[in-house]
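1. here's a sequence, model it:
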Amino acid sequence: MFRLDEKIWFWTLLAIPVIILLFVLLQIWRRSAQKKFADSHLLSRLSPNQSLFKSVLKVAVLCAAFGCLSLALVNPKIGTKLETVRSQGVDIVFAIDVSKSMLAEDIAPNRLEKSKQLVREIINSLASDRVGIIAYAGKAFPQLPITTDYASAKMFLQNMNTDMLSSQGTAIHEAIQLAKTYYDDDEQTNRILIIISDGEDHGGEAVDIAEEASDEGIKILSVGVGNAKGGPIPIKRNGVVLNYKKDSNGETVITRLDESTLREIAEETDGVYVNGSNTADVVDTIKNVLDKMDKKEFESKQIADFKDQFQWFLGLGILLLFIEIFFLERKTAWLKKLNLFNETSN
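-> From the prediction side, this is the model:
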């Protein structure tokens with residue numbers, strides 16, 4: 001098996017035709033200058049040891065040196081053996097509240113953007129755990145199935161907004177119910193559901209469903225986003241606040257963080273509740289919970305163990321450059337004495 005690490009360095013090979021072109025132009029200029037000085041017969045007598053072959057050989061060695069150095073920069077690798085890599089970790093499902101109340105700006109920049117930041121930082125702290133994402137408001141919607149592709153998880157996370165679900169409200173029980181379908185092993189003991197919300201549960205069944213989830217081995221960690229004082233829900237257009245959401249009586253709606261509901265849901269599954277105002281605290285708390293859990297082997301992969309080979313090309317390139325220094329552009333005396341081509345002396 002063979003692999004090239006930095007293919008962009010192949011562009012340095014363009015130095016070789018440049019060297020050859022300069023050499024040809026130099027020879028043409030030299031011949032032209034010599035003809036102005038004397039004819040070819042006289043020049044051969046004045047400079048009998050001048051060797052075109054040695055000049056060509058010198059350039060060839062220089063080009064070979066540049067070729068070797070370019071290959072060293074490309075860093076070819078050779079696969080020597082196959083290694084089996086086993087992934088172990090925890091299945092983590094993020095249930096993110098995307099109801100309109102998450103637009104409240106009682107936590108900067110707003111509750112939803114803060115939720116995204118929390119999930120992104122939690123994912124960044126993971127090693128080989130699998131993650132899935134659920135979006136919920138009045139209903140729950142599967143956003144991303146269980147995967148180890150963290151890049152995809154962050155992409156789906158970035159695209160989440162409060163307009164993605166038409167049914168409004170905050171039905172936490174719907175999210176828990178959907179999360180139960182995410183885990184593929186009935187005997188699995190490393191199931192984590194992380195609910196990120198302001199805690200306003202309009203369904204009222206979340207605690208009961210959490211109890212069912214606990215019976216199935218799911219541990220719920222809840223993260224509260226917002227503050228108890230609360231704030232209005234802005235209605236924006238192109239980033240400009242036009243108005244604030246109002247109730248049926250025309251009063252501005254004030255949405256507040258309900259920590260009691262989120263704490264009760266977590267405790268029902270022997271999980272923990274953490275306030276989401278401090279990102280570092282949330283990440284540390286969740287990391288501590290994950291570290292104490294049993295890890296399950298998800299998949300085994302065979303990968304090739306590639307070894308760098310650049311050192312051979314680097315060494316050869318330096319050696320050729322060293323040799324090129326000692327090449328002179330005149331005939332070698334001992335080769336001349338051999339008279340390989342039966343040349344006659346005048």
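
2. surely Q88 touches S128?
-> Yes - Q88 is in contact with S128 according to CB atoms under 8 Å; the separation is 6.1 Å. From N, CA and C alone the C-beta is placed, and that goes for glycine too.

3. mind checking what secondary structure L242 has?
-> Under DSSP: H, G, I helix; E, B strand; the rest coil, the three-state class of L242 is strand.

4. nearest spatial neighbour of it, skipping sequence neighbours?
-> In space, and not counting its chain neighbours, L242 is closest to I235: 5.3 Å by CB to CB, 6 or more residues apart in numbering.

5. how about L178?
-> L178's closest residue in space is A140 (CB to CB, 6+ apart), at 4.2 Å.

6. what does K287 give?
-> Nearest one to K287, counting by CB to CB, 6+ apart, is S125 at 5.6 Å.

7. list the residues that contact the one you found.
-> Shown in contact with S125 (CB atoms under 8 Å, 6 or more residues apart in numbering): V283, I286, K287.

8. filter the residues you listed to the buried ones?
-> Among the contacts of S125, those classed as buried by neighbour count (16 or more other CB atoms under 10 Å) are V283, I286.

9. kindly reformat the contacts of S125 as CSV containing pLDDT, distance to K296 and secondary structure.
-> As requested, the contacts of S125 are arranged in CSV below (pLDDT from 0 to 100; distance: CB to CB, whole Å; DSSP: H, G, I helix; E, B strand; the rest coil):
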residue, pLDDT, distance to K296, secondary structure
V283, 94, 22, helix
I286, 93, 18, helix
K287, 93, 18, helix
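
10. and the contacts of S125, which is closest to G169?
-> I286 (26.5 Å; CB to CB).

11. pretty sure the closest one contacts I122?
-> Yes - if you go by CB under 8 Å, I286 and I122 touch, sitting 5.7 Å apart.

12. tell me how far stretch 149-166 lies from the chain's centre.
-> Put simply, stretch 149-166 sits 17 Å off its chain's centre (CA atoms, centre = their mean, to the nearest Å).

13. tell me how this structure divides into domains.
-> 2-75+309-338, 89-300 (automatic domain parsing).

14. for I209, what are its contacts?
-> I209 sits next to H173, I176, Q177 when contact means CB under 8 Å, 6+ apart.

15. mind checking what secondary structure S260 has?
-> helix.

16. what's the neighbour count on A72?
-> Residues within reach of A72, counting by other CB atoms under 10 Å, total 22.

17. I misspoke; the intended subject was K77.
-> By other CB under 10 Å, neighbour count at K77 equals 18.

18. that one and Q311 touch, don't they?
-> No - if you go by CB under 8 Å, K77 and Q311 don't touch, sitting 11.7 Å apart.

19. what ranges does the stretch 51-200 of the chain have for its helices?
-> 52-74, 111-124, 150-158, 172-179 (DSSP state H, counting those that start in this stretch).

20. what packs against the second one?
-> Translated: helix 111-124. Applying 3 or more CB pairs under 8 Å, 6 or more residues apart in numbering; DSSP states H and E, one finds that helix 111-124 contacts strand 91-97, helix 150-158, strand 191-197, helix 279-291.

21. how about that helix: buried residues?
-> Neighbour counts over helix 111-124 (16+ other CB under 10 Å) mark R111, L112, E113, K114, S115, K116, Q117, L118, V119, I122, I123 as buried.

22. average pLDDT across it?
-> Mean pLDDT, helix 111-124: 94.

23. next, the angle from that helix to strand 191-197.
-> 150 degrees (axes from the mean of the first three to the mean of the last three CA atoms, to 10 degrees).

24. for helix 111-124, list the C-alpha coordinates in CSV.
-> C-alpha atoms of helix 111-124 as CSV (Å, rounded to 0.1, in the frame of the first residue of the first chain):
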residue,chain,number,x,y,z
ARG,A,111,-31.1,30.9,24.4
LEU,A,112,-30.9,28.9,21.2
GLU,A,113,-27.5,30.2,20.1
LYS,A,114,-26.2,29.5,23.7
SER,A,115,-27.7,25.9,23.4
LYS,A,116,-25.8,25.4,20.1
GLN,A,117,-22.6,26.6,21.7
LEU,A,118,-23.0,24.2,24.7
VAL,A,119,-23.6,21.2,22.4
ARG,A,120,-20.7,22.2,20.2
GLU,A,121,-18.3,22.4,23.1
ILE,A,122,-19.5,19.1,24.6
ILE,A,123,-18.9,17.4,21.2
ASN,A,124,-15.4,18.9,21.1
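
25. and that helix, how far out from the chain middle?
-> 18 Å.

26. coming back round to it: out of the helices and strands packed on helix 111-124, nearest to N227?
-> Closest approach to N227 among the helices and strands packed on helix 111-124 (CB to CB): strand 191-197, 13.7 Å.

27. next, count neighbours for S101.
-> 29.

28. er, A171 I mean
-> Around A171 there are 24 residues (other CB under 10 Å).

29. you'd agree it is up against I134?
-> No - judged on CB under 8 Å, A171 makes no contact with I134 at a distance of 11.6 Å.

30. which residues are in contact with each of those two?
-> Shared contacts of A171 and I134 (CB under 8 Å, 6+ apart): A140.
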